[in-house]
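1. give me the fold of what follows.
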Amino acid sequence: MNTSTSNTPLTVDYYSDVLCIWAWIAQRRIDELNQQLSKRIEIHYHYMDVFGDVDGKMNRQWKDRGGFCGFAEHVRHSSEDFEHAQVHPDIWTKVRPKSSAPAHLMIKAIESACGVEASIDYALQLRRAFFCNAQNIGDWDILKTLAHNNGLDFNAIEIELNNGTAMAKLMADYQQAKTEGLKGSPSYVLDNGRQILFGNVGYRILCANIEELLRNPTDEASWC
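-> Down below sits the predicted model:
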């Protein structure tokens, strides 16, 4: 339910790829939304396939624009105006994850085994590990090390990986992103899909759209 009553927070379905620079930039906005709107909204975190096949993406979209080096320059340039969005010079030049899917799968396993809050915290640690520290978060050993460092119960996490639960949750996210027709990361889905904002959306625009829905829930009545 994406609308809100006086007793029910408004749901914001937030889709991103952990390797996406615009989602890294958007992290500050997500934090601010949570802080300013507090109990009035509830952000549901989902993941989408933007960097599922990094080599294929580079070949399709950046082959004639400098390949990985051209993309790395694009990422650095995109982050220049955002002090909070640190970008390590080695990402995409020396550190090139093959896929974001292993990271997404681990997040979903943690969500199932350890709870939603643990998965949110872990996802943020992954973004910091990649963008700030140039760790290859497509590498399973690094993903496991970060989980251990966060004090998570990896035995419980492995159960969710091995029995298919984590994969099912991830596929549900990927499929829903396609069903919603999402065009990029990050995407914000409001009001049961009636409103979709994506890309480098400023905080004031996000907040204005959410505040309008909080004031005037669109499912109070339908006259169509």
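2. what ranges do the strands span in this structure?
-> Along the chain, counting by DSSP state E, strands occupy 10-16, 41-47, 187-190, 195-198.
3. neighbouring strands for the last one, and are they parallel or not?
-> Each strand paired with strand 195-198, and its direction, by DSSP bridges: strand 187-190 (antiparallel).
4. do the same with the first one
-> Within its sheet, strand 10-16 is paired with strand 41-47 (parallel), strand 187-190 (antiparallel), according to DSSP bridges.
5. please identify the deepest-packed of those strands.
-> Comparing the strands paired with strand 10-16 by mean neighbour count (mean count of other CB atoms under 10 Å), strand 187-190 comes out on top with a mean of 23. All C-beta spots, glycine's among them, are computed from the backbone N, C-alpha and C.
6. list the contacts of the spatially closest residue to Trp92 that is not a sequence neighbour.
-> Among residues not flanking Trp92 along the chain, Ala72 sits closest, at 3.7 Å (CB to CB, 6 or more residues apart in numbering). Applying CB atoms under 8 Å, 6 or more residues apart in numbering to Ala72 gives the contacts Ile91, Trp92, Thr93.
7. hmm, the first one is touching Asn133, no?
-> No: between Ile91 and Asn133 there is no contact, the gap being 9.5 Å when judged by CB atoms under 8 Å.
8. neighbour count: those two, which is higher?
-> Ile91 (24 against 13; other CB atoms under 10 Å).
9. the closest residue to Ala113 other than its chain neighbours and Thr93: what is the separation?
-> Distances taken as CB to CB, 6+ apart place Ala156 nearest to Ala113, at 4.0 Å, with adjacent residues excluded. Distance, Ala156 to Thr93, by CB to CB, to the nearest Å: 37 Å.
10. the more surrounded of these two?
-> A side-by-side neighbour count of Ala156 and Thr93, using other CB under 10 Å, places Thr93 first with 16 against 13.
11. find the nearest non-adjacent residue to the more buried one, please.
-> According to CB to CB, 6+ apart, the nearest residue to Thr93 is Ala72 (4.8 Å).
12. let's have the contacts of Ala72 in a markdown table, adding pLDDT.
-> Listed next are these as a markdown table, based on pLDDT from 0 to 100:
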| residue | pLDDT |
| --- | --- |
| Ile91 | 98 |
| Trp92 | 98 |
| Thr93 | 97 |
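13. of all these, which comes closest to Leu152?
-> Ile91 (24.6 Å; CB to CB).
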